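Asker: below is the sequence, then the predicted model.
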Amino acid sequence: ILAQFPIHNVQAASVSLSKTKKTLYSGEKFELTLKKATGTIKWKSSNKKVATVKDGIVTALSPGKTTISAVYKKATYKCKVTVKIAKSSRLCDFFLFLPKKNSNFAYPYIVYYMARRLHNIISHIFQTLMVFVLLVLVGCDGTRYVADGDYLLTSTHVTCGNPRINLATMDTYIRQRPNSKWLSTLKVPLGFYSMSGADTTKWINRTLRNWGQAPVVYDSLLTARTVEDITAAVRNEGYLNATVTPQLTKKGKRIKVNYDIVTGSPYVVRKIKYDIKDPIIGDMLAKDEQLLDMHTGQIFSVNQLGRNRNRITDYLNNHGYYQFNKEFITFDVDSSQMNRTVDVTMNIDLYRRNSYQDFSLHPLYSVRNVYFEGANTPDFTLRRSVLEQNSFIASGKPYSAADLQRTYTRFSRLQAIRYTNIHFDENPDSMYLDCHIQVSPQKTNSIQFQPEGTNTAGDLGAAVSLIYQNRNIFHGSELLNVTARGAYEAIRGLE
């Protein structure tokens, strides 16, 4: 049995390309060979902007991917080439990649490559300069302008061994703090100030001082006042024997201050008494146990007494007591240092308008009339039904501070009203109030003109919007918006 095989097929099976994958950097070259090929070979690149090929010599041009093909006797052999930006950061290396005469080098890439290299160089210079400036500022002696005998305040802290004490709250009472820091570490403003010279007639010295911050010189008087404030705050939490000691750490012309709190044992409420001289108020408070939020056995706290005071005042203000304020509520505290207990008496005094009048029960006020002013003028009209729907103050209702605040909130949401003013007038020899709600209208009609530029997939154009608004079209604070928009855009590729 005889079999015949074409000679070119046997030869093609043994032919192979020297590389099937290759990564190059811009400007590099390498040679591709077709092993065991003896005839003519046709070379071509699928993307000549990325890389070109001539007689098997591949030249990398710009970043991207391309396929180099070799056609030999109707067979095609391919090599995938990836081109990356050159690793070198030196601008002078760019000139090694300039194209020779008659080459197919992509000239736009020259501009891109040069701009990128210049950007990298400028960024490196700027970063190096910033690091140098920061090192100089940090290294500057912050005590340069601190006189002999004075100290530069470098840090302040509050410490306490009692976990019940909120150190963040106590820190707010510190009256003197050190110079500000950048990134919570670098005292750059102090560095700028220290770099300035003593001659303030020179502009550079004035500029550095304006940029910087003068050194904070330790003040013993402010430290003493801080001790008093922190001591009072801790004692208000029930630690009546608390002490605060400022601990000073000096090093050269620098000083650190630490306020150390020693609380001792807290005082506990032993007895609670109520001396409410107005029986009507006494009955109201007795019906709501949450208003009198004090219990025997709990830790005594001045802050809690203040919260109870405000809570009772708000409650009475919301139930007709227009003239009641927290000054009518006082507390008597009798402490016993031997067993660390306190007896608390809450007093609510009778009402007296002024020092020339006798004491009386607190007056309970109701609203008699509600007047809406400024809502019915030749230029502006707002339906009364809309005003009444948004007002929580009504004729015949007891006075309520909460209703007053809710009315302010609702009126602020009306589009037609700019601002609202509400006040009450007392009627002589009666317990009635006349409420006056004054409104100031917004401008009813407005027109806005908004030009803008557009860019749709590279097609540039211009647009303009005309917006008309009417904030009271049906005299019920309705908002009407009408928008008209026109645009012109030059679209390419339609011819």
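Answerer: Looks like it came in fine. Numbering: from 1, shown residues only.
Asker: and the nearest residue to Thr483 once chain neighbours are set aside, helix, strand or coil?
Answerer: Once flanking residues are discounted, Thr483 sits nearest to Ile467: 5.0 Å by C-beta to C-beta, 6 or more residues apart in numbering. Any C-beta I mention is one placed from the backbone N, CA and C, and that applies to glycine too. Using DSSP: H, G, I helix; E, B strand; the rest coil, the structure places Ile467 in strand.
Asker: same question, His295
Answerer: Criterion first, three-state DSSP; result for His295: coil.
Asker: that one - how many residues pack around it?
Answerer: Residues lying near His295 (other C-beta atoms under 10 Å) number 8.
Asker: hang on, the residue nearest to Thr483 packs against Gln448?
Answerer: Yes. The criterion here is C-beta atoms under 8 Å, and Ile467 meets it with Gln448 at 4.2 Å.
Asker: circling back to that earlier point, look up how far Leu414 lies from the residue nearest to Thr483.
Answerer: 20 Å (C-beta to C-beta, to the nearest Å).
Asker: with neighbour numbers in mind, choose between the two.
Answerer: The residue with more neighbours, out of Ile467 and Leu414, is Leu414; 21 against 14, by other C-beta under 10 Å.
Asker: for that one, give me phi and psi.
Answerer: Backbone geometry at Leu414, expressed as degrees, to the nearest 10, gives phi -70, psi 130.
Asker: same check, this time on the one 5 residues further on
Answerer: Dihedral angles of Tyr419 (phi, psi; degrees, to the nearest 10) stand at phi -150, psi 160.
Asker: and Asp429, by the same measure?
Answerer: phi 60, psi 30.
Asker: from Pro363, how far out is it?
Answerer: 11 Å.
Asker: the more surrounded of these two?
Answerer: Higher neighbour count among Asp429 and Pro363: Pro363, with 15 against 6, using other C-beta under 10 Å.
Asker: identify the residue nearest that one in space, chain neighbours excluded?
Answerer: That would be Met431: by C-beta to C-beta, 6+ apart, it lies 5.1 Å from Pro363.
Asker: please, where are all the helices along the stretch 301-450 of the chain?
Answerer: Residue ranges of the helices in the stretch 301-450 of the chain, as given by DSSP state H, counting those that start in this stretch, are 302-317, 384-389, 401-412.
Asker: those helices: which one's closest to Lys21?
Answerer: Among the helices of the stretch 301-450 of the chain, the nearest to Lys21 by C-beta to C-beta is helix 401-412 (69.8 Å).
Asker: residues near Ser123, how many?
Answerer: Neighbours of Ser123 (other C-beta under 10 Å): 10.
Asker: hang on, it in a helix?
Answerer: Yes. Assessed by three-state DSSP, Ser123 belongs to a helix.
Asker: all numbers from here: first residue = 9
Answerer: Sure, I'll start numbering at 9, so the last one becomes Ser131.
Asker: roughly how far does it sit from Met138?
Answerer: 11 Å.
Asker: next: Gln184.
Answerer: Distance from Gln184 to Met138, by C-beta to C-beta: 31 Å.
Asker: next structured bit after the least confident helix or strand in the chain by mean pLDDT?
Answerer: Ranked by mean pLDDT, DSSP states H and E, the weakest helix or strand in the chain is helix 15-22, scoring a mean of 47. With elements assigned by DSSP states H and E, the helix or strand that comes after helix 15-22 is strand 24-25.
Asker: got a list of what Glu36 touches?
Answerer: Thr67, Ala68 (C-beta atoms under 8 Å, 6 or more residues apart in numbering).
Asker: give me the neighbour count for Gly484.
Answerer: Neighbour count for Gly484, taken as other C-beta under 10 Å: 15.
Asker: doesn't Trp161 belong to a strand?
Answerer: Just to correct that, residue 161 is Leu rather than Trp. Yes. Assessed by three-state DSSP, Leu161 belongs to a strand.
Asker: tell me where the model's unsure across the protein.
Answerer: 9-21, 94-121, 139-148, 500-503 (pLDDT under 70).
Asker: swap in 80 and give it another go.
Answerer: 9-22, 93-125, 127, 136-149, 191-194, 297-301, 386-387, 436, 464-467, 498-503 (pLDDT under 80).
Asker: geometric centre of it: which residue is closest?
Answerer: Leu191 (16.1 Å; C-alpha atoms, centre = their mean).
Asker: picking that back up, dump the helices of the stretch 309-458 of the chain to a markdown table, plus mean neighbour count and distance to Asp283.
Answerer: What follows is the helices of the stretch 309-458 of the chain, written out as a markdown table (neighbours: other C-beta atoms under 10 Å; distance: least, C-beta to C-beta, whole Å):
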| stretch | mean neighbour count | distance to Asp283 |
| --- | --- | --- |
| helix 310-325 | 17 | 14 |
| helix 392-397 | 14 | 43 |
| helix 409-420 | 16 | 25 |
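Asker: strands along the stretch 109-258 of the chain, start to end?
Answerer: 160-168, 251-259 (DSSP state E, counting those that start in this stretch).
Asker: what's the most buried one of these?
Answerer: strand 160-168 (a mean of 18; mean count of other C-beta atoms under 10 Å).
Asker: quick check: which helices or strands does it pack against?
Answerer: In terms of contacts (3 or more C-beta pairs under 8 Å, 6 or more residues apart in numbering; DSSP states H and E), strand 160-168 is packed against helix 175-179, strand 262-270.
Asker: what's that strand in contact with?
Answerer: 150-151, 154, 175, 178-179, 182, 184-187, 223-226, 238, 261-271.
Asker: list only buried entries from those.
Answerer: Buried by 16 or more other C-beta atoms under 10 Å: 150-151, 154, 178, 182, 184, 186-187, 223-226, 238, 261-265, 267, 269, 271, out of the contacts of strand 160-168.
Asker: nearest residue to Leu293 in space, please, no chain neighbours.
Answerer: Closest to Leu293 by C-beta to C-beta, 6+ apart is Leu299, at 5.3 Å.
Asker: er, Met203 I mean
Answerer: Leu216 is the one closest to Met203 (C-beta to C-beta, 6+ apart), at 5.3 Å.
Asker: just checking, that neighbour touches Gly199?
Answerer: No. Contact criterion C-beta under 8 Å: Leu216 and Gly199 do not qualify, at 9.4 Å.
Asker: higher neighbour count, the two?
Answerer: Using other C-beta under 10 Å, the more surrounded residue of Leu216 and Gly199 is Gly199, with 25 against 17.
Asker: so the more buried one touches Arg217, yeah?
Answerer: No. Look at Gly199 against Arg217 with C-beta under 8 Å: they stay out of range, at 12.0 Å.
Asker: what segments of the stretch 59-208 of the chain are helices?
Answerer: With DSSP H, counting those that start in this stretch as the criterion, the stretch 59-208 of the chain has helices spanning 115-147, 175-179, 196-203.
Asker: show residues contacting the shortest one.
Answerer: Looking back up the chat, that one is helix 175-179. Contacts for helix 175-179 (C-beta under 8 Å, 6+ apart): Val166, Thr167, Cys168, Ile238, Ala241, Val242, Tyr267, Ile269.
Asker: sweet, I'm off.
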